[in-house]
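>>> predicted model, plus sequence, below.
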Amino acid sequence: MPTSSISTNSMLAALPAKVYAELVPKFEPFELEFSKIVYDRGDTFTHVYFIESGIVSMLVSADEQSAIEVGMVGREGMVALPVFLGIMTSNDRAIVQGAGTALRMKATDFARECAAGADLSRIMRLFTYSIITQIGRSAFCNRFHSTDSRLARWLLMTQDRMEADHFLITQEFLSYMVGVRREAVNKAATEFQRRDIVSYVRGRVTINDRKRLEELACKCYSTPFRDAPTIPALNN
């Protein structure tokens, strides 16, 4: 059970204090370990996860040799969204892209709370909209924009959610995130390093010049809270 009366997760923080207090006994802390699979395609959802720090990416794949990121979630959201829609089997993979922490709740408890609570359901609808928007934007970006622009966008989105100038990433994983072959993303990343926009040493990326990244990124880039209507505090 979480000990704090206020969560750093934006969705939970927007709930009325009384509503959040009623949910607290059903939560348990959960460590998000870098590169750990939270759930995989075909898995039955056992829990939902409200991110308090770190990042989880959603990947889809047609086989074991290829995958592409379709969405990422930081402390602005939650993971295992299909449970809210009444779906208990995963159709994608959720993997920890940035280490951090989450509050998790049993999926069955969460489904009951959503059915009984108007405030939680409203927050979940807003988040669902934001994820749909992000997925649509990513699909457009992967189809029409250059590798450089997509890489800049992804780095900015990651920095926003990690709230830090440095984070861990492997080049293979980065190719999944950007949706291009490893050789192409290596070429773009090398050019970013040559221009001192980023540094990459032993799997650790450091953002050296955010302004130049923003100039390189396509218009598909959005801060975590720009994709959806602002989640207001509900009568706290």
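Right, received. Where do you want to start?

>>> residues of the worst-scoring helix or strand of the chain on mean pLDDT that come out buried?
The helix or strand with the lowest mean pLDDT-type score in the chain, counting by mean pLDDT, DSSP states H and E, is helix 171-178 (a mean of 72). When burial is assessed from 16 or more other C-beta atoms under 10 Å, helix 171-178 yields the following buried residues: 173, 174, 175, 176, 177, 178. Yep, even glycine has a C-beta here, placed from its N, CA and C like the rest.

>>> how about stretch 206-217?
Counting neighbours by 16+ other C-beta under 10 Å, the buried set in stretch 206-217 is 207, 208, 212, 213, 216, 217.

>>> any idea how far residue 111 lies from residue 220?
33 Å (C-beta to C-beta, to the nearest Å).

>>> kindly report the same for residue 190.
Using C-beta to C-beta, residue 190 is found at 23 Å from residue 220.

>>> what's the closest of the buried residues of helix 171-178 to residue 43?
Proximity to residue 43 was ranked across these by C-beta to C-beta; first place goes to residue 176, at 18.8 Å.

>>> the buried residues of stretch 206-217 in strands, which ones?
In strands, judged by DSSP state E, the following of the buried residues of stretch 206-217 are found: residue 207.

>>> between the buried residues of stretch 206-217, which is closest to residue 153?
Checking those against residue 153 by C-beta to C-beta gives residue 217 as the nearest, at 4.4 Å.

>>> my read is that residue 117 contacts residue 18, right?
No. Applying C-beta atoms under 8 Å as the test, residue 117 and residue 18 come out as separate, 10.8 Å apart.

>>> who's more crowded, the two?
Relative neighbour count places residue 117 above the other of residue 117 and residue 18, with 17 against 10, counting by other C-beta atoms under 10 Å.

>>> hey, where'd the strands end up in this protein?
If DSSP E is used as the criterion, the strands of the chain fall at 28-32, 37-39, 47-63, 66-73, 78-79, 93-106, 166-168, 198-201, 204-207.

>>> low pLDDT regions in the protein?
Flagging of the chain using pLDDT under 70 yields the residue ranges 1-5, 63-65, 178-180, 222-236.

>>> rerun at 50
Applying pLDDT under 50 to the chain flags the ranges 225-230, 235-236.
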